[in-house]
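Enquirer: only geometry, no sequence info:
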């Protein structure tokens, strides 16, 4: 079981209560007629200070290249400073807010999630790269920021082009961009040395299914059946590619969503519990305390007292 053998649907009275959660935003595309876009590159030229409230992008991942300037990123409730040249890598569903200082020069590369999955399948390090949000400094040499800027600029031109082979060209440039980021990031390669490409793909698929169904209290066998693998195969793939058990991965996703609701939303602990598939708020509290080390109410107070949230 994932979190409660007796989980039931949320009672109708509670379902009607006001529930403010993290905003899920869609991409603003400069050319709305381009309905079949899969990569979009925008250059933000706003002058002055610029800030966005915490939000998430369920349908795409983003790489924000900060060519110059600095700021603070609100990352899942934590304040993370950054300074250009750097890249901010934001996976799908990652909750983030951005507070740029005056005149930060930045480019935003947005990648549609299905296409990102295809690109990630090329190299297991790509999957590892997107496992967590990151600030990736690009100041290792005087030319690092300029080289990355040139690559992003070329990607923008190719993505907006109608020339012969522009899709192939866009994919090549995007792959090169991600490769540069992977090489600049201290990934936990040792943990993945024994992982086969198939294991990585299985775990990536498992994560996506967790994202879709973590509120439904499915059994591990349910997930394995949806993936057309045995429980033994699922456990082996997770041990090889993530060093976590399948159950731990499900619990981690539930806790991540619970934290987001506690930090950014105004729902009660009981509402959050029912929204996550728990039939009993007390059981949810015990589950959260076991995984986090604090009760949900304690975590909410402590998180909201942090500066620059």
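Expert: That came through, no problem. It should be emphasised that the depicted structure is a prediction, and the values quoted were computed from it without experimental measurement. Numbers count the residues shown, from 1 in each chain.
Enquirer: Show me the shaky parts of the chain.
Expert: 1-36, 45-49, 140-142, 187-196, 306-309 (pLDDT under 70).
Enquirer: Show the contacting residues for the spatially most central residue of it.
Expert: The centre of the chain sits closest to residue 91, judged by C-alpha atoms, centre = their mean, with a distance of 2.9 Å. Residues in contact with residue 91, defined by C-beta atoms under 8 Å, 6 or more residues apart in numbering, are 61, 130-133. The C-beta positions use only the backbone N, C-alpha and C, and glycine is treated the same way.
Enquirer: how does it look with 7 Å?
Expert: Neighbour list for residue 91: 61, 130, 133 [criterion: C-beta atoms under 7 Å, 6 or more residues apart in numbering].
Enquirer: of those residues, closest to residue 173?
Expert: Proximity of the contacts of residue 91 to residue 173 (C-beta to C-beta) peaks at residue 61, which lies at 16.0 Å.
Enquirer: what about the residue nearest to the centre of the chain, distance to residue 53?
Expert: In this view, residue 91 and residue 53 are 19 Å apart by C-beta to C-beta, to the nearest Å.
Enquirer: And the residue nearest to the centre of the chain, how close does it get to residue 300?
Expert: 24 Å.
Enquirer: can you check residue 175 too?
Expert: Taking C-beta to C-beta, one finds residue 175 at 41 Å from residue 300.
Enquirer: Which residue of the two possesses the greater neighbour count?
Expert: residue 300 (20 against 14; other C-beta atoms under 10 Å).
Enquirer: Go through the helix or strand where that one lies and flag the buried ones.
Expert: Using DSSP states H and E, residue 300 sits in helix 296-304. Neighbour counts over helix 296-304 (16 or more other C-beta atoms under 10 Å) mark 296, 299-300, 303 as buried.
Enquirer: need the residues you listed in a markdown table with distance to residue 103, can you?
Expert: Below are the buried residues of helix 296-304 laid out as a markdown table (distance: C-beta to C-beta, whole Å):
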| residue | distance to residue 103 |
| --- | --- |
| 296 | 40 |
| 299 | 36 |
| 300 | 35 |
| 303 | 31 |
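Enquirer: which phi and psi does residue 133 have?
Expert: phi -70, psi 150 (degrees, to the nearest 10).
Enquirer: what's the distance between it and residue 250?
Expert: On the measure of C-beta to C-beta, residue 133 and residue 250 end up 20 Å apart.
Enquirer: These two: which has the busier surroundings?
Expert: The neighbour comparison of residue 133 against residue 250 (other C-beta under 10 Å) goes to residue 250, with 24 against 19.
Enquirer: in what helix or strand does that one lie?
Expert: Using DSSP H and E, residue 250 falls in helix 246-264.
Enquirer: again, but for residue 170
Expert: helix 166-183.
Enquirer: Just the buried residues of that helix, please?
Expert: So helix 166-183, judged by 16+ other C-beta under 10 Å, has buried residues 169-171, 173-174, 177-178, 180-182.
Enquirer: cool, and stretch 110-122?
Expert: 110-113, 115-117, 119-120.
Enquirer: Let me know the closest of those to residue 68.
Expert: residue 110 (20.8 Å).
Enquirer: so the closest one makes contact with residue 64?
Expert: No: the criterion here is C-beta atoms under 7 Å, and residue 110 misses it with residue 64 at 9.4 Å.
Enquirer: re earlier: run the chain-centre distance for the helix holding residue 300.
Expert: Offset of helix 296-304 from its chain centre (C-alpha atoms, centre = their mean, to the nearest Å): 22 Å.
Enquirer: on contacts alone, who are the packing partners of that helix?
Expert: Secondary-structure packing of helix 296-304 (3 or more C-beta pairs under 7 Å, 6 or more residues apart in numbering; DSSP states H and E): helix 246-264, helix 281-292.
Enquirer: Excluding covalently adjacent residues, which one is nearest to residue 234?
Expert: residue 224 (4.8 Å; C-beta to C-beta, 6 or more residues apart in numbering).
Enquirer: now the angle from the one helix or strand the one you found maps to to helix 246-264?
Expert: Element membership for residue 224, per DSSP H and E: helix 220-227. Helix 220-227 and helix 246-264 are oriented at 100 degrees to each other (axes from the mean of the first three to the mean of the last three C-alpha atoms, to 10 degrees).
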